[in-house]
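Asker: Dropping the sequence and predicted coords here.
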Amino acid sequence: MTHDLVTALRPLLTAEASAEAYSAGTEPGDLEQAVWLRLLERLDAEGPPLDPQRWLRRAVRSEVRRTRRTSRLERPYAGEPVDDPDRDPEQLALAAARGRALREAVRRLPGRCPRLMEALLSPEDLTYREIAGELGISQGSLGPERSRCLGCLRRLLTPEVGAR
């Protein structure tokens, strides 16, 4: 039974891992290995999932989120923080000012755009399906809505960027 499950899921896992690995900054093979391990642990503890394809897709997304969180927490051993030019007080102040300007511009957007942009910029790394559910719109309309909102945001920020 386990062999049949692995054989049936292999093509789907290969496709999902290839599609998601780049966004997590990892190799598809590493992502596949992590999901296979998760499946084996589940088989030992609970048995096979009721909907294996759905379980696999969710496991891939979960591993991608875990990889992103882990990579954000990792710090390089080489170099002192004072030697990092991106961390000098002036650069930090400029980055904070840019972030404030962006958040202010997002708040000034029309209609559903502020909520959509906040969801897209969320540190929770929501999927399109989760964002669509949160906003109460169809997943298919999310892309066009995002494009429209980004166009509005671009028009709002152009005078500010040009003034600097």
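Answerer: In hand now; what should we look at? Numbering: from 1, shown residues only.

Asker: domains for the chain, by residue range?
Answerer: Domain assignment for the chain by automatic domain parsing gives 2-73, 82-163.

Asker: mean confidence score for the last one?
Answerer: Translated: domain 82-163. Mean pLDDT, computed over domain 82-163, is 84.

Asker: Which residues does the strand or helix carrying Arg155 contact?
Answerer: Remark: Arg155 resides in helix 139-163, with elements defined by DSSP states H and E. Residues outside helix 139-163 that contact it (CB atoms under 8 Å, 6 or more residues apart in numbering): 101-102, 105-106, 108-110, 112-113, 116-117, 120, 128-129, 131-132, 135, 137. (Glycine included, C-beta is placed from N, CA and C.)

Asker: quick revisit: save the domains of the chain as TSV, and put in mean neighbour count too.
Answerer: Shown next, in TSV, are those (neighbours: other CB atoms under 10 Å):
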stretch	mean neighbour count
domain 2-73	15
domain 82-163	13
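
Asker: Looking at the contacts of helix 139-163, which are in helices?
Answerer: Mapping those onto helices (DSSP state H) picks out 101-102, 105-106, 113, 116-117, 120, 128-129, 131-132, 135.

Asker: Tell me which residue is most central in the chain.
Answerer: Nearest to the geometric centre of the chain sits Asp125, at 3.9 Å (CA atoms, centre = their mean).
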